[in-house]
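Undergrad: Below is the sequence, then the predicted model.
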Amino acid sequence: MEENILKCIKNTEFLFSKYQDDQYMFQRLQYHLLHILPVTLENESKNHKQRVTRTHFLMNEQQFFIQVFLSKNQYYYLPNNGCFYHYDGKNYFTITEDDIQHELLTTISKDKTLMQWKHKTKINIIKQIKERNLFTSTPESETFQTVLNVLCPAFFFNKQEAKYFLTVIGDNILKKNPDLIFLIHSKTKKFINELENIAYYNIGITNIVPNLITKYHENYDYDKCRLLKINETVSLDIWTDILKKTGLNLLCVAAHYSNRYTSSDTFVLNHVNEELRNHIFYLKNNKQQEIINHFCEYSIEQSTTSSSNLSINWKNMHYIWKQFISNYSYPSMIYSSSLKTLLRERFSYDEERDAFINITSKYMPLTSDFMLFWEKTITVIEESNIGDEEFEMDEICSLFKKWTLLPDNASLCLTCGNIPEHEAVKLITHFFPNVEIVENKYLLNVRCSMWNKLTDIQQALDVFKMMKQGEKAIETVSEFSLVSLDQVYQFYCTNCNKNKTRIASKRYFEKYVSTVLATHILFEKFISNEWFL
């Protein structure tokens, strides 16, 4: 400062010295110093103060405008994919930067005050939007309810389970607790894969669910394992449609829950009931021996007296174990070899019979009866041929019940033959893995001695054909109209009711008729006149 003053003084002295012999310039110098410079400096000072005041005013106006604009227009950004997002209070959407700028400039133009700073304001707002991460947004109640309502009760039994699932997904989005393992049912993997696709499409994040595992591995630490229940019976098409409509909402709500509850474990500890908490932390809170104790208390009954007649062979024991984990929605968390070793330590074991002796199970009577029914009535066809029989699971269950009530089987059966379809599927899958089951409903290439479907249908076709040929005595062949498969099936049902025989499903009936009368089928649904000749 002092240096500049000295420079000014020296420069003034220099000017006086320079023009001391030039009377005109000397007078002009004096005039400028005494009259022009003070006025100029005064004007400069006033203009500067006005500019400062104006700038300060515009800065305040700009800050006010930005606050209001960003409050009314909830724009967010994700740096990993460079995308902008807009939240309208109900739904999240992707939006382009051009659309944001258009809305911004339109709003500024209405304001008028910031027209001079329009470009500067635009740059400032875009910069602030880029600092607003999408996953720091707070959804409104309507968005929460929309997401929870599509998840519950379709995919989760209650909203606590749905919130837990969302918090787990949120943790994964925000890279929290990567060492935790969430065990899910194998059939729900397709839902998780679809969520993975939606996440990549909407937020540009890959491998969002790497720790949602369908199969337990012995290297997993129980302490790091969590159980996650998802209803596997819902159609994948429904789930895909839901994600297309609300996928981004779901991901944003998930991230919010993760931020809100800190982590999925914290959510479980503080916000779920004891029953759900015990299920989620089942592996964390129990060691193998405790799980075996639970299994035995649930499934096994030990005789108080020694009896070689009471025993459970290993294959049956393994099935009972599967029943246990299925009923509790547990994963298969103990390898079969380890399970057998642990049970051999607990119960007497006959190596030659491969059986645990002096024990039984409340599940054994039904299993034994069904196995006996299968052995005596079912034949598995090794090679598939045209016209081979198949059975629907409800037909098998019905035949099993009828078989147990037959007088000849009264002394053999320990149950009344009531078996749910899903239990029958589990039994067949476990004990007869070579039997092909489609959609947990159709058993392919099997025959049952209690019901010959092919014979019943063929007999009905023969009677129907004879009836139509009798009509030929009155009508010419050319006058025969096409006969629909529906009409023939109705006749078959009437014929079965008359003969008091079982009725096959329309699906199987049409499949059989379309096969044996392939050359006479027209338009997929009609039998040609030529068949009646």
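TA: Good, I have the coordinates.

Undergrad: what are the ranges of the helices in the stretch 401-533 of the chain?
TA: 421-431, 453-471, 485-499, 506-516 (DSSP state H, counting those that start in this stretch).

Undergrad: Adding distance to Lys176, mean neighbour count and mean pLDDT, write these out as JSON lines.
TA: From N, CA and C alone the C-beta is placed, and that goes for glycine too. Shown next, in JSON lines, are the helices of the stretch 401-533 of the chain (distance: least, Cβ to Cβ, whole Å; neighbours: other Cβ atoms under 10 Å; pLDDT from 0 to 100):
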{"stretch": "helix 421-431", "distance to Lys176": "37", "mean neighbour count": "17", "mean pLDDT": "87"}
{"stretch": "helix 453-471", "distance to Lys176": "57", "mean neighbour count": "16", "mean pLDDT": "84"}
{"stretch": "helix 485-499", "distance to Lys176": "59", "mean neighbour count": "15", "mean pLDDT": "88"}
{"stretch": "helix 506-516", "distance to Lys176": "49", "mean neighbour count": "16", "mean pLDDT": "87"}
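
Undergrad: Redo those as JSON lines? Include distance to Phe26.
TA: Converted to JSON lines, these look like this (distance: least, Cβ to Cβ, whole Å):
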{"stretch": "helix 421-431", "distance to Phe26": "115"}
{"stretch": "helix 453-471", "distance to Phe26": "130"}
{"stretch": "helix 485-499", "distance to Phe26": "124"}
{"stretch": "helix 506-516", "distance to Phe26": "119"}
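
Undergrad: ok, then the element right after the lowest-mean-pLDDT helix or strand in the chain?
TA: Using mean pLDDT, DSSP states H and E, the weakest-scoring helix or strand in the chain turns out to be helix 37-72, at a mean of 71. Counting by DSSP states H and E, the next helix or strand C-terminal to helix 37-72 is strand 74-78.

Undergrad: What lies in contact with that following strand?
TA: 83-89, 95, 100, 129-137, 203-204 (Cβ atoms under 8 Å, 6 or more residues apart in numbering).

Undergrad: Can you name the element that comes right after that strand?
TA: Next in sequence after strand 74-78, counting helices and strands by DSSP H and E, comes strand 83-87.

Undergrad: and that following strand, what's its mean pLDDT?
TA: Per-residue pLDDT over strand 83-87 has a mean of 95.

Undergrad: Pairing partners for it, with directions?
TA: Sheet pairing of strand 83-87 (DSSP bridges) gives strand 74-78 (antiparallel), strand 92-95 (antiparallel).

Undergrad: Return the distance of Leu195 relative to Thr501.
TA: Note on Leu195: its distance to Thr501, by Cβ to Cβ, to the nearest Å, is 49 Å.

Undergrad: likewise Met1?
TA: On the measure of Cβ to Cβ, Met1 and Thr501 end up 115 Å apart.

Undergrad: which other helices and strands contact the helix or strand Asn4 falls within?
TA: Assigned by DSSP H and E, Asn4 belongs to helix 2-18. Helix 2-18 sits against helix 23-31, with contacts defined as 3 or more Cβ pairs under 8 Å, 6 or more residues apart in numbering; DSSP states H and E.

Undergrad: what angle sits between the helix it packs on and helix 2-18?
TA: Here helix 23-31 points in a direction 150 degrees away from that of helix 2-18 (axes from the mean of the first three to the mean of the last three Cα atoms, to 10 degrees).

Undergrad: I'd like the mean pLDDT over helix 23-31, please.
TA: 83.

Undergrad: Settle this for me: Ile181 is touching Lys224, isn't it.
TA: Yes. With contact defined as Cβ atoms under 8 Å, Ile181 reaches Lys224; the gap is 5.5 Å.

Undergrad: Same drill for those two, tell me which one is more crowded.
TA: Legend: neighbour count by other Cβ atoms under 10 Å for Ile181 and Lys224, higher for Ile181 (18 against 14).

Undergrad: who are the neighbours in contact with the closest residue to the more buried one other than its chain neighbours?
TA: By the measure of Cβ to Cβ, 6 or more residues apart in numbering, the closest residue to Ile181 outside its immediate chain neighbours is Cys225, 5.0 Å from it. Residues counted as contacts of Cys225 (Cβ under 8 Å, 6+ apart) are 180-183, 216, 283-284, 333.

Undergrad: Of those residues, which is the nearest to Val435?
TA: Distances from Val435 to the contacts of Cys225, taken as Cβ to Cβ, are shortest for Tyr216 (25.9 Å).

Undergrad: State the phi and psi torsions of Lys215.
TA: Phi and psi for Lys215, reported as degrees, to the nearest 10, are phi -130, psi 130.

Undergrad: mind checking pLDDT for it?
TA: pLDDT for Lys215: 89.

Undergrad: Geometric centre of this structure: which residue is closest?
TA: Centroid-nearest residue in the chain: Phe191, 3.5 Å away (criterion: Cα atoms, centre = their mean).

Undergrad: Which helix or which strand is home to it?
TA: Phe191 belongs to helix 189-203, assigned by DSSP H and E.

Undergrad: Sheet-wise, list the partners of the helix or strand following that helix with their directions.
TA: Where DSSP H and E defines the elements, the next helix or strand beyond helix 189-203 is strand 212-213. Its sheet considered, strand 212-213 pairs with strand 181-183 (parallel) by DSSP bridges.

Undergrad: pLDDT averaged over the partner strand - what is it?
TA: Average pLDDT, strand 181-183: 94.

Undergrad: Mark which of the contacts of strand 74-78 are buried, thanks.
TA: With neighbours counted by 16 or more other Cβ atoms under 10 Å, the contacts of strand 74-78 contain buried members at 83-87, 95, 100, 129-130, 134-135, 137, 203.

Undergrad: Distance to Lys402 added to those, as CSV?
TA: Formatted as CSV, the buried ones among the contacts of strand 74-78 follow (distance: Cβ to Cβ, whole Å):
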residue, distance to Lys402
Cys83, 63
Phe84, 66
Tyr85, 61
His86, 63
Tyr87, 61
Ile95, 64
Ile100, 70
Ile129, 71
Lys130, 72
Leu134, 61
Phe135, 60
Ser137, 61
Ile203, 56
